[in-house]
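> Kindly generate the corresponding structure for this input.
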Amino acid sequence: MNYKQLLILFVALALAACASTQTPPKKLSKEKPVQSSLALENMDVEFLYLAAQQALGQGQPALAKRFLSVLIKKKPEEIEPRLELADLYLASGQAKEVKEAKTLIESMSETSVARLKNESLERYQLLYARALAANGEAEQASSLLQLLLRKHPENIQIRLLLTRLSIMQGDLLQGQRLLKQGLAIKYDLRLQQAQVQLYLQQGYFKQADQTLAKIQKRYPEHEDAVLQRSQLAEQQGDVLKAEELLKLYIDLHSDVALESYVMLAGLYVRQERLEEAIVTYKSVLKLSGGSVDAYMALGKVYYQLTQYTKAVMMFEKAVQQFKPLSAHEKLTDMRATVFFYLGASLEASHEWKKAIPYYLKLNKGHALYLDAQLRLVNIDLANKQFDKAEKTLIKLRVSFANNINVYEMLSELRLKQKAYQSLIEETDKAIDMGFSSTLLFNRAIAFESLKQFKQLDASLDSLLNKIPEHPEALNFYGYSLADRGIRLDDAASMITQALKIRPNDGYYLDSLAWVYYKQKKYTKAMETQLRAVQLVASDPVMQEHLGDIYWQKGEAEQARKHWRKAIELKHKSAQMISQKIEHGLM
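Numbers count the residues shown, from 1 in each chain. All right, here's what the predicted structure looks like:
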């Protein structure tokens, strides 16, 4: 084995030893940690440099920085390691290291700099310009780069960096000039891509598209150009062009057009062309080899189509792609998202017991944690486990004090409990958090139950000011006015508007019939109520209303027949209905 082979072997051993110190194992005993036998300070200069290069080759920049730092201490006059370390520091983007990069370059001796020739001098100057720019010294960086560009007009890196600085300083025209001059000297894809970004920044969308078309013509297999053109077309409202660009690329490059398939499927989803989205996502699934992203996207479309069984199947397939978590691994955001949607699909299928464990997997660190907790509450409400739901919501109200969704769910719970005063008191502050139709509507129900009609009207006015065609609010408001015998024309108008949105809603028809009844338009009331009862035959209040109308029409036996039906259907005020049967309407 010769010296060079031996040196490479030692480098490999050093890398292994140093890399093993990156994540120290947990202490299992009180023994002192083992020290590496290869102290960096004692290593040969050539060895350190070779080790740094090998670390970079293995994707270990932190380790390379350590080797180079020691090398510079041992040989401060060496230029190459100093420049390489400065380059690594700049690439990290960390403020401390960016500052250190500038210090490294500026601390080079005049003698060392004077020895630099040709490419080495150019590299040094470019690195210094980058360091100046990264440290906010744009003017100095620009001056240096302009000098460099005069000497080396063909250098793409210098031109791109100077262009970026011009844009940062607000001189977009200078940026375009620099790019055009560079392309006139020699075509380079990077320059043309920068041109596209600058056109977009300036709002010159036509020019951006034309430039992308040139890139596409020169590089027909360059998918990025197609993706950008499609995205730009959709943003400009030309959905047909966006779709055609993607389809054309897919036709020509179907085996490798993964990103185009993904974008096309997303376009279909945004247009609510969900069946086409499913077909396209299946192609994504095939091309990606069954990726988690593809299964999840397909699952979401099935969920949107309320095809919950298929959605569950897709999300379960996504879960199967994950490797088992070790004891110390945290749940990734991707995994947490899949668990959430699998739980949601199972919940929508009323498979609550299966859904619950998936929601419970999410912890406070995940973006969907609150949604998962609220869905658990929703399951508790569906199963009438009100105490359990209340405990969860009280905790969430502490942790998410300014989240309106928590108060919406709390109001749902209070309605189930018929705790109307609590509902109002607990949600008073939440009204100022932002508009919520759910909160305003639930508060209106509570106000109506407490006969606080002024507050009821104010809540529904606020809701309808924002959402004039909210059918439930229109119907509820109209019925409440009719029940109070006031603003009957307004009531009729509101309920008629609700029926335009839901023409076959028996409850809305019952409300309209009640308005006619209050207006003493008994024939219209009868026609409308008969339609309502035909649609909803099992509602005791609707049977009572029909009986009242028959009585006013002078058909006492028919009236008593429907009042008896109301009692059979367990009317809440059975005693009052019995009085009607015995004495009629007083």
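> looking at it, residue 221 is touching residue 255, isn't it?
No. Residue 221 is beyond contact range of residue 255, at 11.2 Å (criterion: CB atoms under 8 Å). Any C-beta I mention is one placed from the backbone N, CA and C, and that applies to glycine too.
> more crowded one of these two?
Using other CB atoms under 10 Å, the more surrounded residue of residue 221 and residue 255 is residue 221, with 12 against 7.
> Can you report how many residues lie near the residue nearest to the more buried one when sequence neighbours are not counted?
The shortest distance from residue 221 to any residue other than its chain neighbours is 6.4 Å, reached at residue 253 (CB to CB, 6 or more residues apart in numbering). Burial of residue 253 is recorded as 15 neighbouring residues (other CB under 10 Å).
> what ranges do the helices span in the stretch 1-150 of the chain?
Here the stretch 1-150 of the chain has its helices, by DSSP state H, counting those that start in this stretch, at 3-19, 45-57, 61-74, 80-92, 95-106, 110-114, 118-134, 138-151.
> Mind putting those helices into CSV with mean pLDDT and distance to residue 559?
Formatted as CSV, these follow (pLDDT from 0 to 100; distance: least, CB to CB, whole Å):
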stretch, mean pLDDT, distance to residue 559
helix 3-19, 44, 90
helix 45-57, 83, 93
helix 61-74, 87, 87
helix 80-92, 89, 85
helix 95-106, 91, 83
helix 110-114, 84, 107
helix 118-134, 88, 87
helix 138-151, 91, 88
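> closest one to residue 498 among these?
Among these, the nearest to residue 498 by CB to CB is helix 95-106 (59.1 Å).
> Same question for that closest one: list its buried residues.
Buried residues in helix 95-106, counted by 16 or more other CB atoms under 10 Å: 97-98, 100-102, 104-105.
> Please apply the same query to stretch 47-59.
47-52, 54-56.
> Ok, stretch 389-408 next?
Under 16+ other CB under 10 Å, the buried positions of stretch 389-408 are 389-390, 392-393, 396-397, 400, 403-408.
> got it, and stretch 177-185?
178-179, 182.
> Kindly report the same for stretch 523-534.
525-526, 528-529, 532-533.
> now these in a markdown table, with secondary structure, pLDDT and distance to residue 513?
Compiled in a markdown table, the buried residues of stretch 523-534 are given as follows (DSSP: H, G, I helix; E, B strand; the rest coil; pLDDT from 0 to 100; distance: CB to CB, whole Å):
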| residue | secondary structure | pLDDT | distance to residue 513 |
| --- | --- | --- | --- |
| 525 | helix | 96 | 5 |
| 526 | helix | 96 | 8 |
| 528 | helix | 97 | 4 |
| 529 | helix | 96 | 4 |
| 532 | helix | 96 | 6 |
| 533 | helix | 96 | 9 |
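> follow-up on the earlier one: for the residue nearest to residue 221, give me its contacts.
Shown in contact with residue 253 (CB atoms under 8 Å, 6 or more residues apart in numbering): 221, 223, 260.
> If you average pLDDT per helix and strand, which one of this structure comes out bottom?
The weakest-scoring helix or strand in the chain, judged by mean pLDDT, DSSP states H and E, is helix 3-19 (a mean of 44).
> Tell me which of the contacts of residue 253 fall in helices.
223, 260 (DSSP state H).
> quick one: which of the buried residues of stretch 47-59 is nearest to residue 139?
For these, the nearest to residue 139 is residue 56 (32.8 Å; CB to CB).
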